[in-house]
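>>> got a predicted structure plus its sequence, pasted below:
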Amino acid sequence: MSIGEEDRVTLVAHQERKILLTLYHTLQARDGWKRRGVVGWLFIDEVDESRRAYIGDALNHLVRMRHVEKLDVRERGSGRAVNLYRITGSGLVCIGEQAITLELPAAEDSALEDASLYMPRACWGALAVLQTQLNRSLGKRRFDEVGWMTAGEIYIAGQYVLSEELAWLVKRGFIVKQVVDRPGKPGRGPTFYRITERGLGCEALQARGHFVQVVLPTPSQVTGRSHSSGRQPIRPGA
């Protein structure tokens with residue numbers, strides 16, 4: 001049964017206060033993501049892990065009222081917004097908490113932030129395993145190279161990596177995959193993965209919750225890494 005407009009407004013108002021208090025306590029503890037020189041930023045699932053109804057309405061209303069600041073940190077080329085949220089001075093006044101000093105964020109991202117993306121933690125774990133595999137020349141030699149692993153060989157803190165997480169990395173050019181054909185069954189054999197030069201150049205900037213903020217290498221850094229190692233660049237689709 002749908003609820004009435006008055007009840008909806010009441011629920012959103014209640015949710016708004018909870019959001020402001022969560023963001024306030026994050027700021028007070030100097031916790032959350034650091035972006036544009038200040039801490040206190042949270043993703044929507046960190047504001048409310050249960051993602052209860054009305055969280056989106058409540059956040060949007062708080063942003064319109066300027067009680068909360070929103071920052072879109074989507075990866076380049078993505079059509080979907082990925083927002084961080086942080087309480088403002090107006091939001092502190094709204095909940096009667098004005099004792100802390102509110103540092104204002106810079107007007108623009110730093111160069112490192114601009115060259116970064118927020119990677120699911122499991123994807124970063126898989127990438128780190130493949131980085132180590134290639135840098136230390138570990139494992140079996142496959143396709144006349146070291147560094148190739150199956151999904152079952154990529155073991156992270158007691159957990160196997162999922163094919164969806166590997167597909168996320170392949171799509172963004174951090175790793176490549178190669179499928180071995182079985183007799184009479186093209187594309188149905190085991191799948192192997194290997195890190196690319198782009199993936200080798202990734203570095204973790206900060207991590208919390210389900211994400212790791214990863215700084216991406218520039219094209220010149222990718223080329224330079226390949227030349228210094230004596231390897232041919234490993235590119236997506238290779």
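Looks like it came in fine.
>>> mind listing the strands for the chain?
33-35, 38-43, 68-72, 83-87, 116-120, 149-150, 155-156, 159-160, 175-179, 191-195, 203-208, 211-215 (DSSP state E).
>>> among those strands, which is nearest residue 104?
With Cβ to Cβ, the closest approach to residue 104 among the strands of the chain belongs to strand 38-43: 7.1 Å. Just so you know, the C-beta spots here come from the backbone N, C-alpha and C atoms, and that holds for glycine as well.
>>> in the sheet, which strands lie alongside that closest one, parallel or antiparallel?
Neighbouring strands of strand 38-43 in its sheet, by DSSP bridges, are strand 33-35 (antiparallel), strand 83-87 (antiparallel).
>>> you'd agree residue 151 is up against residue 159?
No. Taking Cβ atoms under 8 Å as the contact criterion, residue 151 and residue 159 are not neighbours in contact, 11.7 Å apart.
>>> more neighbours: those two, which one.
Neighbours of residue 151 and residue 159, each counted by other Cβ atoms under 10 Å, are more numerous for residue 151; the result is 18 against 10.
>>> and the gap between the more buried one and residue 161?
Summarising the geometry, the distance separating residue 151 from residue 161, computed by Cβ to Cβ, to the nearest Å, is 6 Å.
>>> in the chain, which helix or strand is least confident?
The helix or strand of the chain with the poorest confidence is helix 219-229; it has a mean of 57 (mean pLDDT, DSSP states H and E).
>>> ok, residue 29 to residue 37 distance?
18 Å.
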